[in-house]
Every structure is written in structure tokens, then in C-alpha cells.
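> Below is the sequence, then the predicted model.
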Amino acid sequence: MAATDQNDPHGFKRRGLLFVLSSPSGAGKSTISRMLLEADAGLQMSVSATTRPMRPGEVDGRDYHFVDLERFRAMTANHEFLEWAHVFGNRYGTPRAPVDRMLEAGRDVLFDIDWQGAQQLHQIAGGDVVRVFILPPSIAELERRLRARGTDSEDVIVGRMSRAANEIAHWDGYDYVLVNDDAQVCFEKVRTILEAERLKRSRQTGLIGFIRGLQKRAEGEV
Ligand code: ADP
Ligand code: 5GP
């Protein structure tokens, strides 16, 4: 992944992060993503393409790029996806070009993708990827949240609940695992992870010039 120019008080250059949030449906990843995006101007969302039908309230280009199967297949054949997967009987993929643009503009990129996407991104971009998995406090609470959200029919809720166990089974493919009990507390933990990952020495590619300057001064050369 391209090295990026991230604004910080010292103007150090740093490699951009691919920050992945996954969870069983209803555990709260969209809620936490929204809070993160509001709180952090350095983070931008990757908007996936999907073949699933648009839900009421969703906006094409904001929530997803809604495409038909033919278009999705063409995008796959043209290598337009960084990763893609079958999820719940539909296809979902991460368009590559916007991610490259965001990284080049000095942004970190947030992904709401499933375990298959997290795995593929990690294979492609390894050390630039940080994977966070969010668990519900209990299965009863997961079901309560899906119902309280009020966006899905009974059939869809039953389907999501029956797939929760399979999604949870992939918890060990993540770097961090959190329980979303209180949304504010969970958000603050995710934000702490993001801040700490940004400070990793291996990502701070611009630090070396600053260190050399400090050393020269300390040694009395300037
Ligand atoms: P996901 O994106 O993982 O499918 P959402 O973020 O849509 O889940 O959350 C599902 C529902 O649960 C939403 O109605 C949301 O407002 C609610 N919710 C999210 N986090 C919490 C929490 N910590 N406590 C109670 N309700 C929550
Ligand atoms: P939904 O249809 O509820 O919006 O999303 C269903 C699942 O697909 C979620 O687990 C979400 O994280 C996942 N998903 C969304 N976009 C992508 C993508 O581009 N790639 C992959 N692998 N999964 C995605």
C-alpha cells in the first residue's frame, strides 16, 4: 500500500492504515463506525459494491454501490476489487481505486467487511491492516438489537441469527476482539486501538528524518 502523508503536529509521513471492523450482524459495527467517522477526520469509509437489493433508507453511493450481478462480474473480471466475497447469498466487494486514492490523500480507511474480506485484505496488505472484531454481550442481546433496529423482516432476522455462530467462529482471525456492551465505551476502546496503531514505529516512515535531526543537535553538529 502507498505510503501516505498524514497531518500531525510534526508533519511526519506515515503509512496509511486499513482499519477493518467486523461483527455478527446486529452487534453494533455500523454504530461504532459512525462514531469513529464523526470523531476522526483522518479516517474515511470504504464504500463496498453489492448485488443485494437496497434497503429502505439506504443511499446508493453512500451505503453501498448497488450493482447487478452482470456489473459485479465485470468488475471482478477487470480486477476492480481489492477483495470480494459471497455473503448471505449476495456478492460484496471493496473497490480498489477509492482505497488507493484515500491512502494517497493521507487518510486511513475504515472497512465494514466480513471475516472473508478481513482475511483477503490481510493477505494482500499484511502489516497495513488492523482487524477488529466486535462481539455482542449475549445472543439474547444480539437478537434484541436486530429487532430494535427495525430494518429487517422476521425472516431476515432469523437468517442473521442463524449465521451469527458461523461469524463468531472467526473471532481468532482478528488482531483485537471487543464486547460491545456500552456503545460509548466500545467506541472509545476502538478509538484507542486506532490511535495506538497509528503510532507504531513501523508505520511512521517519516520519523527517521526527525530522529536524525534530534541526533545531530544532541551531538552538537548543528
Ligand atoms: P451492525 O452494523 O453490526 O449490524 P448496528 O450498528 O446496526 O449493528 O446495531 C444494531 C442495533 O443495535 C442498532 O439499532 C443500534 O442502535 C443498536 N446498538 C448498537 N450498539 C449498541 C449498544 N452498545 N447497546 C445497545 N444498543 C446498541
Ligand atoms: P449487509 O447486507 O447487512 O449490509 O452486510 C452483510 C455483511 O457483508 C456484513 O457482515 C458486512 O460486513 C459484509 N460486507 C459488506 N461489504 C463487504 C465487502 O466489500 N466485502 C466483504 N467481504 N464483506 C462485506
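Happy to help now that I have it. Numbers count the residues shown, from 1 in each chain. Ligands and ions are numbered 1, 2, ... in the order given.

> near ligand 2, anything from stretch 52-65?
Yes. Counting by C-beta under 6 Å from any ligand atom, ligand 2 has neighbours in stretch 52-65: R52. All C-beta spots, glycine's among them, are computed from the backbone N, C-alpha and C.

> Identify each buried residue in that stretch, please.
Of the residues in stretch 52-65, 63-65 count as buried by neighbour count, 16 or more other C-beta atoms under 10 Å.

> Which single residue of the chain ends up nearest ligand 2?
Across the chain, no residue is closer to ligand 2 than G117, which sits at 2.6 Å (C-beta to the nearest ligand atom).

> mind listing what that residue touches?
Contact analysis of G117 by C-beta atoms under 8 Å, 6 or more residues apart in numbering lists 20, 22, 83-85, 92, 94, 111.

> What about those residues, which one has the most neighbours?
Neighbour counts for the contacts of G117 peak at V20, which has 26 neighbours (criterion: other C-beta atoms under 10 Å).

> still on that earlier bit, would you pull up how far whichever strand or helix holds the residue of the chain closest to ligand 2 lies from the middle of the chain?
Element membership for G117, per DSSP states H and E: helix 115-125. Between the mean C-alpha location of helix 115-125 and the chain-wide mean there is a distance of 11 Å, by C-alpha atoms, centre = their mean, to the nearest Å.

> Return the list of strands paired to the next helix or strand after it, each annotated with direction.
Downstream of helix 115-125, the next assigned helix or strand under DSSP H and E is strand 129-135. Each strand paired with strand 129-135, and its direction, by DSSP bridges: strand 18-22 (parallel), strand 176-179 (parallel).

> that older thread, if you count neighbours, what's buried in the helix holding G117?
When burial is assessed from 16+ other C-beta under 10 Å, helix 115-125 yields the following buried residues: 115-122, 125.

> and which of these is nearest E143?
For the buried residues of helix 115-125, the residue nearest E143 by C-beta to C-beta is W115; the value is 20.6 Å.
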